[in-house]
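Novice: The sequence and its predicted three-dimensional model are supplied below.
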Amino acid sequence: MIAFLLMLAAVIAAAELISLKKGLDGVEYDVSPSKALAEPDEALALVTVITNRRRRFLPFIRLNEDVPDALVVSGDLRAEDVKRHRSALRSTVYMMPRQRLTRTTPFTIPRRGRYVFLGATLEGGDFMGLSTASRRTDLHRELVILPRRADSGALRDVMGGWMGERSVNRFIMEDPVLTLGYRDYTGREPMKQISWTQTARQGRMMVRCQDHTVERTVTVMLNAHSFAFGSYGRRMLEQALSLCRDVCEQLEERRIPYAFISNLRVIGVADSFGEVGDGLGHAHLMTVLEGLGRADYTSRDTLEGLFDRALSRADLGRGHIYITPVARDIHPEWIERLRAATGEAPLCIAADAFE
């Protein structure tokens, strides 16, 4: 009996020494959100993967996962660094030899923005639970929450009226066209479509059937260099971001190609986001929306610089939609310069008018 107890004590002592020396060796940690782009309050999951690559049982591993403090989660979440806006998501697991453990933690984020998951601190206990060893695993996983939709009936009415005016202008302004054929004049066609050569040849009024070879395009301009300051300025900029999203989605619905320029400062991408070329489609829209989601509350250029960039790309017939936090950001002299360059008055949208 005494021999057995001595052997058991020796085994326990050996296990204790090994666990003290190599407590977290062979343990790997990874984490990522279930999506890279998401809507505010969308149900998401934080996917945590812990791997034990050793042939030994790990009775105790504590995770302190470094997550943004904006997470709404039912787990043990505590504020850790107020200045960095970080929190620690805490949990404890045990692991069998050669085990890979995948755990999903449901969460939501109510606010637009760019959020980074920075890894975790792992703590491993010894065999007898007398001491712990810790190790930091640094990661960088991003999640971008898009601006909320404004869903403004007033904005849809304004856009509808402006697009109606552009449709009328399309028939007034000369456009490069391809003639497909001729048909009888009905009295509803503009005079410029009448073919006098075919009219003389046929002995009755004939008009050209034409296909436009140049599409009318729109430039969406979003201003962040505003007269709105403090918490009010942030609220109005958030409203402007939501209105910008709605404008782009309405242009997508109408299949109108559009470019995007802005003086927003965005986090985590190159400064070239300030310009997105003409395009349509889901990928084009998501490029713009991801930039809006990554925006902070500062500007990378002045308002005059924004208009100078718009004017450098303006051509006859190109429409402009100018979105800004407050009406004081609308300067008549710059609006007139755009109108003179394109032949069309830009549509100006101030977020404070949609409160």
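Specialist: Good, I have the coordinates.
Novice: Check the chain and tell me which residue is nearest its centre.
Specialist: The centroid of the chain falls nearest to residue 290 when counting by CA atoms, centre = their mean (2.0 Å).
Novice: Just to be sure, that residue is in a strand?
Specialist: No. Residue 290 is assigned helix when assessed by DSSP: H, G, I helix; E, B strand; the rest coil, not a strand.
Novice: what residue ranges in this structure score low on pLDDT?
Specialist: 1, 3-23, 75-83, 125-132, 164-182, 186-190, 192, 209-215, 270-273 (pLDDT under 70).
Novice: backbone phi and psi for the nearest residue to residue 353 once chain neighbours are set aside, please?
Specialist: Nearest non-adjacent residue to residue 353, counting by CB to CB, 6 or more residues apart in numbering: residue 327, 6.5 Å away. Yep, even glycine has a C-beta here, placed from its N, CA and C like the rest. Phi and psi for residue 327, reported as degrees, to the nearest 10, are phi -60, psi -20.
Novice: and what of the one 5 residues further on?
Specialist: The phi and psi values for residue 332, taken as degrees, to the nearest 10, are phi -60, psi -40.
Novice: Would you mind measuring from it to residue 346?
Specialist: For residue 332, the distance to residue 346 (CB to CB, to the nearest Å) stands at 11 Å.
Novice: Before we go further, residue 261 is sitting in a helix, right?
Specialist: No. Counting by three-state DSSP, residue 261 is not part of a helix but strand.
Novice: For residue 332 and residue 346, work out which one has more neighbours and name it.
Specialist: More crowded of residue 332 and residue 346, by other CB atoms under 10 Å: residue 346, with 25 against 8.
Novice: Skipping adjacent residues, who's closest to that one in space?
Specialist: residue 320 (3.7 Å).
Novice: Same question for residue 87.
Specialist: Distance criterion CB to CB, 6+ apart; nearest residue to residue 87, sequence neighbours excluded, is residue 69 at 4.3 Å.
Novice: tell me, how many neighbours does that neighbour end up with?
Specialist: 16.
Novice: if we can go back for a sec, wait, doesn't the residue nearest to the centre of the chain sit right on residue 146?
Specialist: Yes. Using CB atoms under 8 Å, residue 290 is in contact with residue 146, at 7.5 Å.
Novice: Let me see the ranges of the helices in the stretch 101-250 of the chain.
Specialist: Counting by DSSP state H, counting those that start in this stretch, the stretch 101-250 of the chain has helices at residues 153-172, 196-202, 230-253.
Novice: winner for burial among those helices?
Specialist: Among the helices of the stretch 101-250 of the chain, ranked by average contacts under mean count of other CB atoms under 10 Å, first place goes to helix 230-253 (a mean of 19).
Novice: what helices or strands is that one leaning on?
Specialist: Here helix 230-253 touches helix 153-172, strand 218-222, strand 258-262, helix 282-294, strand 295-299, strand 319-324, going by 3 or more CB pairs under 8 Å, 6 or more residues apart in numbering; DSSP states H and E.
Novice: and that helix with strand 295-299, angle?
Specialist: With axes from the mean of the first three to the mean of the last three CA atoms, to 10 degrees defining the directions, helix 230-253 sits at 110 degrees from strand 295-299.
Novice: picking that back up, is the residue nearest to residue 346 in contact with residue 309, as I believe?
Specialist: No. Applying CB under 8 Å as the test, residue 320 and residue 309 come out as separate, 11.6 Å apart.
Novice: So for these two, which residue has more residues nearby?
Specialist: Neighbours per residue (other CB under 10 Å) separate residue 320 from residue 309, with residue 320 holding more: 24 against 18.
Novice: what is the more buried one paired to in the beta sheet?
Specialist: Per DSSP bridges, the residues bridged to residue 320 are residue 219.
Novice: show me what contacts it?
Specialist: Taking CB atoms under 8 Å, 6 or more residues apart in numbering as the contact definition, residue 320 lies against 218-219, 221, 310, 314, 338, 342, 344, 346-347.
Novice: so how far is residue 74 from the spatially closest residue to the residue nearest to the centre of the chain that is not a sequence neighbour?
Specialist: Of all residues not flanking residue 290 in the chain, residue 144 sits nearest, at 5.6 Å (CB to CB, 6+ apart). Distance, residue 144 to residue 74, by CB to CB: 23 Å.
Novice: Then residue 88?
Specialist: Separation of residue 88 from residue 74 (CB to CB): 15 Å.
Novice: what about these two, which has more around it?
Specialist: Per other CB under 10 Å, whichever of residue 88 and residue 74 has more neighbours is residue 88, with 18 against 8.
Novice: element containing the more buried one?
Specialist: Element membership for residue 88, per DSSP states H and E: strand 86-95.
Novice: Tell me which strands that strand pairs with, and in which orientation.
Specialist: If you go by DSSP bridges, strand 86-95 pairs up with strand 58-68 (antiparallel), strand 76-81 (antiparallel).
Novice: Now for the nearest residue to residue 105 once chain neighbours are set aside, how many residues are close by?
Specialist: Of all residues not flanking residue 105 in the chain, residue 46 sits nearest, at 4.4 Å (CB to CB, 6+ apart). Applying other CB under 10 Å, we find 22 residues neighbouring residue 46.
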